[in-house]
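1. sequence and predicted model, in that order:
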Amino acid sequence: MSVIDVAVQDSVPQPRSKRVVNDFSIQVATVNGSGSQTANTVLLRSIFRMGVPVSGKNMFPSNIAGLPTWYTIRASAKGYVSRKKDIDFLIAMNAETAKEDVLTLPPGAAAVYDAPLKLDELRSDIVFYAVPFDKIVGEITRDAKLRRLVKNMIYDGVMARLLSIDMAQMEQALRKQLGKKEKAIVLNLGALKAGYEYAEANLEKQDPFVVEPMDKTTGMILIEGNAAAAIGCMMAGVTFVGWYPITPSSSLPESLIDYLKKYRVDADGKATYAVIQAEDEIAALGMVLGASWVGARAMTSTAGPGVSLMAEFTGLGYYAEVPAVIFDVQRVGPSTGLPTRTAQPDILSAAVLSHGDTKHPLLLPASVEECYTMAMDAFDLAERLQTPVFVMSDLDLGMNNWMAHPFTYPTKPHDRGKRLDAETLKRLGTFGRYRDVDGDGIPYRTVPGDGMPAYFTRGSGHNEEAQYSERPDDYANNLDRLARKFDTARTLVPKPEIEIVDGGGIGLIAYGTTHWAVVESRDQLKDEQGVDTSYLRLRAFPFTPELSEFIDRCDRVYVIEQNRDAQMLSLIKMECTPAQFAKLRSILYYAGLPVDGESMTADVLAQERGA
Amino acid sequence: MATTPVTPKPAPKKKVNRINLEPAAYRGSKTTLCAGCGHNAITERIIDSFYELGIDPTQVIKLSGIGCSSKAPAYFLNSAHGFNAVHGRMPSVGTGAVVANRKMIALGVSGDGDTGAIGIGQFVHLMRRNLPIVYIIEDNGCYGLTKGQFSPTADLGSTLKTGVINDLPPIDTCALAIELGASFVARSFSGDSKQLKSILKAAISHRGTAMIDVISPCVTFNDHVGSTRSYSYVKEHGESLSDVSFVPYFEDITIDYDPGTTKQVTLHDGSTLVLSKLTEDYHPTDKMSALRLLHESMSRGEYATGLIYVEPDKQDFIDVLGIVDEPLSMLDQSRTRPGEAVLDEIMESFR
């Protein structure tokens, strides 16, 4: 191998004895709108195709073009998919952020950079690889726009060489990404190879990071949570979608539209669904309630600001008992907040959204599989409970690529809930829309056009017959029945996942994407500190009895979540006994970045030392 | 309410319509609005219209927002499903309901505050979509249920009972509806039974959004001297554009009209609107002419009443969506859950 080291000015060679195999993170720092998404996905997928567990997280600005964006790829032989706190390998393509990006690297990290940036002068404890991207791309195409786009593929080629990524996998990943655009494939393949060849001829491997083939991703897929949820919605038999564009939710209805167009159109070209882009989120949920009221399986998808706008209609859905499925792909608030950053800050507001006494079931997916299954659960629960049901995803889950085993086809038929039919009517004698005939708080309902008795749906006070009423007993009876219905929900929602170690001890409670950092942190606590932890992953609100039992069994319990105000902890405290209350502690993350295991481990230990 | 579907009874002596239903089958609960309220008269005309058209009330859905007007759906067609939604948001609920069950006949009742203020956004988009729905504004120029504040349709210079003068110009919901794409736009007066009934029947027979602004005086808060929505003011300043007669598709046109002063409009279902004694320069199928007429009559302080604009064959929102003929709400799992091969194909795309 002929090597010309043009990058490292330091004449002292870096130690090469310790190889770090399949356990590092790569960060690509670019400018958004530069077309780096293709290159980043190809890099991610090619490592994945080598059998190495990966995760990819996009940290992008709320902007179309010109602002900094970072894409992080983590390879982890152990299968950890949460964010890794430190970056091991930087690809510095953005002049604006390059200096800070380099300065925040840990010692021993590596950095590929655009040669004119001269980053190697900044530090001596980093392995630098200078790559003259403009010079290389100039030999591939003269078209200025194309140059900008294919420039990114060059770093894929460089990384393939430096990390020993299989070029055949790179090419396959690229072909998958570009589909049938033959011209683009030729151009990008050229750039990929040019990057590889440049690295081969000019860069001496001096960092310890390397990818080696494994067999840990066999048969698996890479998918974003929003796409997974969309597939779940289609399989749930959604017939009506009302939505309004908002980050990070939009790709859910947009994926759904693509699938519905492909798979839910009759032979004569007519659709078995309707999707309406509404004038705002208020109208989106209004349409959903209208559609649901006549018996359609209806949904909307939004994020925090949309949830705020949907408050009034959610209260109507609760009180008039109209099913609705609402996806909240959470982002950082309050107000506009950080629209492209992740958090779990809507738990409390969604749980009790709207004025008056209201409570809503929340489903808490942690994985892309759960985005899929809980989408189906949500439709069943909404119709069974005749109430709005929230699916609390987040930006990290919804918009990033996650590994998963292929989803399994649903075997359970759609649960359309308690719909009155002739036989039931005969059994009951008369129809009372809001009468609790089964003792579970769930009344029977009819829909327009079903031939059953009509009723008047209203958000104002009503009695069992759905007639307007301001009588104290009618009001109280109705509210009590709604509370009873919510208790029934406890028996229907997904139960938590629980692992009890040594009869309890230190307990951790988390939900949603926080789970993945907990997985890693628990290993760190045990392997590095000898600290065992029990763990309960919440999957729904209202809580099931398992939560209370878990708290009882543990000595102290850390509720870990990604918001400032310990929102889930607040909900838990609302149902606690004083003894349980005293055991509860809180660990919180709210910087807009997905929580990492290392920080969590440190925070648990810090509180334990004070314990 | 807990009622069973009305089944036609073959009682020869009793008055029935063409589907053998008695007038009682079209009634609702007893009104709780003030005696003399214009809204009650509109309710009566709605009952008459559905009865005379012989429409099965179980095939109708009634929708409303919040306010005095929005209480009205409880007072007619008891065997129809009703939805009293939230303030100003009936259009979205109606949109979802109509799209999800295209077989139902939708009747929305709103007020001037419910439509012109809090609900103007949803109203605008409903008109724009040309959703098949009859949308009635029971327009009294004030908020009755909160005791008489001005609404956005109150005329400039009109006064409250307390003497407060309205210092903002009104929103003309008819002009707005025409501009935005509604395909049937009319204005009437709750006190003009004949005209209102003909317009209602035509609106029910029309395919697309039929927007009717019905001036409906509030006897309690807006019927005084100085109000431009009082019974006496409207009677004096109402300007009928034509006599409106409605001939349903199931009846023959038997009356002869002078062709020089008469215009016939054939609606999508084959029914006919016969407009006679036409005002000069009145062309109800010409958008610009309709808008000019509205502006001119408003500048004279008058209300032009009658059918203002109609576009009988405009594509409605259901057609735009390209959905199946049967109600989406009635599709079962075999139609809505794709097979396992579809899931396999999708999964393959993510490898």
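-> The structure has been received and is ready for your questions. Numbering: from 1, shown residues only, chains lettered A, B, ... in the order given.

2. can you pull out the helices in the stretch 101-250 of chain B?
-> Counting by DSSP state H, counting those that start in this stretch, the segments of the stretch 101-250 of chain B that form helices are B:112-116, B:120-129, B:173-180, B:193-205, B:231-237.

3. so how many other residues sit close to residue A:19?
-> Other residues within reach of residue A:19 by the criterion other CB atoms under 10 Å in any protein chain shown amount to 10. Every residue, glycine included, has its C-beta placed from N, CA and C.

4. who's in contact with it?
-> For residue A:19, the residues meeting the contact criterion (CB atoms under 8 Å, 6 or more residues apart in numbering or on different chains) are A:208, A:210.

5. and the residue nearest in space to the middle of chain A, which of the three is it?
-> The geometric centre of chain A, computed from its C-alpha atoms, lies nearest to residue A:397 (CA atoms, centre = their mean), at 1.3 Å. Counting by DSSP: H, G, I helix; E, B strand; the rest coil, the backbone at residue A:397 sits in helix.

6. look up how far residue B:84 lies from it.
-> Relative to residue B:84, residue A:397 is positioned 38 Å away (CB to CB, to the nearest Å).

7. would you confirm that residue B:217 contacts residue B:138?
-> No: taking contact to mean CB atoms under 8 Å, the distance of 10.2 Å between residue B:217 and residue B:138 leaves them out of contact.

8. tell me which of these two has more neighbours.
-> Each of residue B:217 and residue B:138 had its neighbours counted (other CB under 10 Å), and the higher figure belongs to residue B:138 (33 against 28).

9. contacting residues for that one?
-> For residue B:138, the contact set (CB under 8 Å, 6+ apart) comprises B:38-39, B:42, B:68-69, B:72, B:109-112, B:190, B:214, B:216.

10. scan those and report the most crowded one.
-> Within the contacts of residue B:138, most neighbours by other CB under 10 Å means residue B:111, with 35 neighbours.

11. picking that back up, which neighbours do residue B:217 and residue B:138 share?
-> Shared contacts of residue B:217 and residue B:138 (CB under 8 Å, 6+ apart): B:38, B:190.

12. what's around the closest residue to residue A:50 other than its chain neighbours, how many residues?
-> On the basis of CB to CB, 6 or more residues apart in numbering or on different chains, the spatially nearest residue to residue A:50 that is not a chain neighbour turns out to be residue A:213, at 4.8 Å. Residues within reach of residue A:213, counting by other CB under 10 Å, total 14.

13. does residue A:213 really touch residue A:49, like I thought?
-> No: between residue A:213 and residue A:49 there is no contact, the gap being 9.4 Å when judged by CB under 8 Å.

14. what's the overlap in contacts for those two?
-> With contacts taken as CB under 8 Å, 6+ apart, residue A:213 and residue A:49 have residue A:166 as neighbours in common.

15. in three-state terms, label residue A:604 for me.
-> Three-state call for residue A:604 (three-state DSSP): helix.

16. list the contacts of it.
-> For residue A:604, the set of contacting residues under the criterion of CB under 8 Å, 6+ apart consists of A:506, A:508, A:521, A:525, A:531, A:533, A:558, A:587.

17. nearest to residue B:332 among these?
-> Nearest to residue B:332 out of the contacts of residue A:604 is residue A:508 (CB to CB; 43.7 Å).

18. my guess is that closest one contacts residue A:532, does it?
-> No: applying CB under 8 Å as the test, residue A:508 and residue A:532 come out as separate, 10.8 Å apart.

19. between these two, which is the more surrounded one?
-> Regarding residue A:508 and residue A:532, a neighbour count based on other CB under 10 Å identifies residue A:508 as having more, with 25 against 13.

20. elements contacting the host helix or strand of that one?
-> For residue A:508, the element it lies in under DSSP states H and E is strand A:505-511. Helices and strands touching strand A:505-511, by 3 or more CB pairs under 8 Å, 6 or more residues apart in numbering or on different chains; DSSP states H and E, are helix A:514-529, strand A:533-538, helix A:545-553, strand A:554-561, helix A:567-574, helix A:597-610.

21. quick check: mean pLDDT across it?
-> Mean per-residue pLDDT for strand A:505-511: 97.

22. ok, now stretch A:333-353?
-> pLDDT averaged over stretch A:333-353 gives 97.

23. sorry, back to before: contacting residues for the residue nearest to residue A:50?
-> With contacts defined as CB under 8 Å, 6+ apart, residue A:213 is in contact with A:50, A:51, A:52, A:166.

24. adding secondary structure, pLDDT and neighbour count, write those residues out as JSON lines.
-> Formatted as JSON lines, the entries for the contacts of residue A:213 read as follows, by DSSP: H, G, I helix; E, B strand; the rest coil; pLDDT from 0 to 100; neighbours: other CB atoms under 10 Å in any protein chain shown:
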{"residue": "A:50", "secondary structure": "coil", "pLDDT": "97", "neighbour count": "22"}
{"residue": "A:51", "secondary structure": "coil", "pLDDT": "98", "neighbour count": "18"}
{"residue": "A:52", "secondary structure": "coil", "pLDDT": "98", "neighbour count": "23"}
{"residue": "A:166", "secondary structure": "coil", "pLDDT": "95", "neighbour count": "16"}
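
25. closest to chain B among these?
-> Ranking those by separation from chain B, with CB to the nearest CB as the measure, puts residue A:51 on top at 12.9 Å.

26. wouldn't the closest one be in contact with residue A:212 here?
-> No: the pair residue A:51 and residue A:212 does not pass the contact test of CB under 8 Å, sitting 9.1 Å apart.

27. restricting to C-alpha, output the helix or strand that contains residue B:51 in CSV.
-> When elements are defined using DSSP H and E, residue B:51 is found to belong to helix B:38-53. This file holds the C-alpha atoms of helix B:38-53, laid out as CSV (Å, rounded to 0.1, in the frame of the first residue of the first chain):
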residue,chain,number,x,y,z
GLY,B,38,-86.8,33.7,14.1
HIS,B,39,-84.9,30.5,14.6
ASN,B,40,-88.1,28.7,15.5
ALA,B,41,-89.7,29.7,12.2
ILE,B,42,-86.6,28.3,10.4
THR,B,43,-87.0,25.1,12.3
GLU,B,44,-90.6,24.9,11.1
ARG,B,45,-89.5,25.4,7.5
ILE,B,46,-86.9,22.7,7.8
ILE,B,47,-89.5,20.3,9.1
ASP,B,48,-91.8,21.2,6.2
SER,B,49,-89.1,20.9,3.6
PHE,B,50,-87.9,17.4,4.6
TYR,B,51,-91.5,16.3,5.0
GLU,B,52,-92.6,17.6,1.6
LEU,B,53,-89.5,16.2,-0.1
